[in-house]
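Trainee: Sequence below, structure please.
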Amino acid sequence: MRDENQLHAANVKQIPFDDAEIKYSTVQNWYPGDQDGKGGI
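Mentor: Numbers count the residues shown, from 1 in each chain. Here you go, the predicted model:
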């Protein structure tokens with residue numbers, strides 16, 4: 001059995017070099033899966 005409320009956190013350090021471009025995106029409201037915990041992220 002799994003908890004209904006889960007927390008996921010990440011910390012990333014990005015170091016740009018000359019003429020570099022940093023792109024990023026986030027994923028929110030992840031699907032936790034079914035009642036058995038299958039199919040989620």
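
Trainee: The residue positioned nearest the centre of the chain and Ile15, how far apart?
Mentor: The centre of the chain sits closest to Val27, judged by C-alpha atoms, centre = their mean, with a distance of 5.4 Å. Look at Val27 and Ile15: by C-beta to C-beta, to the nearest Å, they are 23 Å apart. Any C-beta I mention is one placed from the backbone N, CA and C, and that applies to glycine too.

Trainee: what's the neighbour count on Ile22?
Mentor: Summarising burial for Ile22: neighbours were counted as other C-beta atoms under 10 Å, giving 7.

Trainee: hang on, it packs against Pro16?
Mentor: Yes: when contacts are counted by C-beta atoms under 8 Å, Ile22 is listed as touching Pro16 (5.6 Å).

Trainee: Can you give me the first-to-last residue distance of stretch 24-33?
Mentor: Separation of the first and last residues of stretch 24-33 by C-alpha to C-alpha, to the nearest Å is 25 Å.

Trainee: Any regions of this protein where pLDDT drops low?
Mentor: Applying pLDDT under 70 to the chain flags the ranges 1-8, 41.

Trainee: Phi, psi for Tyr31 please.
Mentor: Main-chain torsions, Tyr31, degrees, to the nearest 10: phi -80, psi 120.

Trainee: Could you give the number of residues near it?
Mentor: Neighbourhood size, Tyr31 [other C-beta under 10 Å]: 8.
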